[in-house]
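**Student:** Sequence first, predicted model second:
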Amino acid sequence: MKIPAALKHKPVVVAEKYEKVDGRLARNSDAKGLSLGLAQWNDRGKIDISAKVWRYTGEKWSRQSEELPIHRVLDLSILICRTLEHFSEAYRYEHLYDPQASVIDRIGLQGDAMTVAICTDNEKINDDIKLFSQALSDDDEMIGERLRALSKILQDMGY
């Protein structure tokens, strides 16, 4: 299925047939493609690049398709990587984190910092964090495959 090119998001680079590799949903996903293109919210004279996940209901392209500015996609990648790093050592804590120091890291970006922390406002955090950790463990092979691919590409780019 071809990603539509005549809608407000103007795809430039696409990954079609994404449903074949969509993690646990592979071969049974409504996410039919990914694209990088010109954002649908562009104002006249102002161009932003966005990433989009294209979802298809079986009858039409879904309103639940998500479009994110490219920097947010990268910020999510940073958040994921820092989270994975935390959970690789989380077994050291009784509750998989230190309740007295819930901030995992502060990552410098644009003259400030993105704070990565355990959500202690979640009243069921001690239960939810165990489920979260188990899900990370269950998906370790799939996540690792993608991180290795990303690492190789970043190294090839000089990062």
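**Tutor:** Thanks, I have the structure now.
**Student:** tell me the domain ranges of this structure?
**Tutor:** As assigned by automatic domain parsing, the chain contains the domains 10-64, 71-157.
**Student:** so which of those is the most packed in?
**Tutor:** Per-stretch averages of neighbours, counted by mean count of other CB atoms under 10 Å, single out domain 10-64 among these, with a mean of 15. The way it works is simple: take the backbone N, C-alpha and C, and place the C-beta from them, glycine included.
**Student:** That domain - what's its average pLDDT?
**Tutor:** If you average the pLDDT over domain 10-64, you get 88.
**Student:** Span of it from start to end?
**Tutor:** Using CA to CA, to the nearest Å, one end of domain 10-64 lies 17 Å from the other.
**Student:** What residues does the residue nearest in space to the middle of the chain make contact with?
**Tutor:** What sits nearest the mean C-alpha location of the chain, by CA atoms, centre = their mean, is residue 76, with 4.9 Å. The neighbours of residue 76, taking CB atoms under 8 Å, 6 or more residues apart in numbering as the test, are residue 68.
**Student:** hang on, it in a helix?
**Tutor:** Yes. Residue 76: assigned to a helix according to DSSP: H, G, I helix; E, B strand; the rest coil.
**Student:** now it: how far from residue 20?
**Tutor:** Here residue 76 is placed at a distance of 22 Å from residue 20 (CB to CB, to the nearest Å).
**Student:** which other residues reach stretch 148-156?
**Tutor:** So stretch 148-156 is contacted by residue 77 (CB under 8 Å, 6+ apart).
**Student:** With only the CA atoms kept, save it in CSV.
**Tutor:** Taking Å, rounded to 0.1, in the frame of the first residue of the first chain, the C-alpha atoms of stretch 148-156 are listed here in CSV:
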residue,chain,number,x,y,z
ARG,A,148,22.5,-2.2,16.8
ALA,A,149,21.1,-1.0,13.4
LEU,A,150,20.9,2.6,14.7
SER,A,151,24.4,2.4,16.3
LYS,A,152,25.9,1.3,13.0
ILE,A,153,24.2,4.0,11.1
LEU,A,154,25.3,6.7,13.6
GLN,A,155,28.9,5.4,13.5
ASP,A,156,28.8,5.4,9.7
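**Student:** what are the ranges of the helices in this structure?
**Tutor:** Assigned by DSSP state H, the chain shows helices spanning 70-89, 125-138, 140-157.
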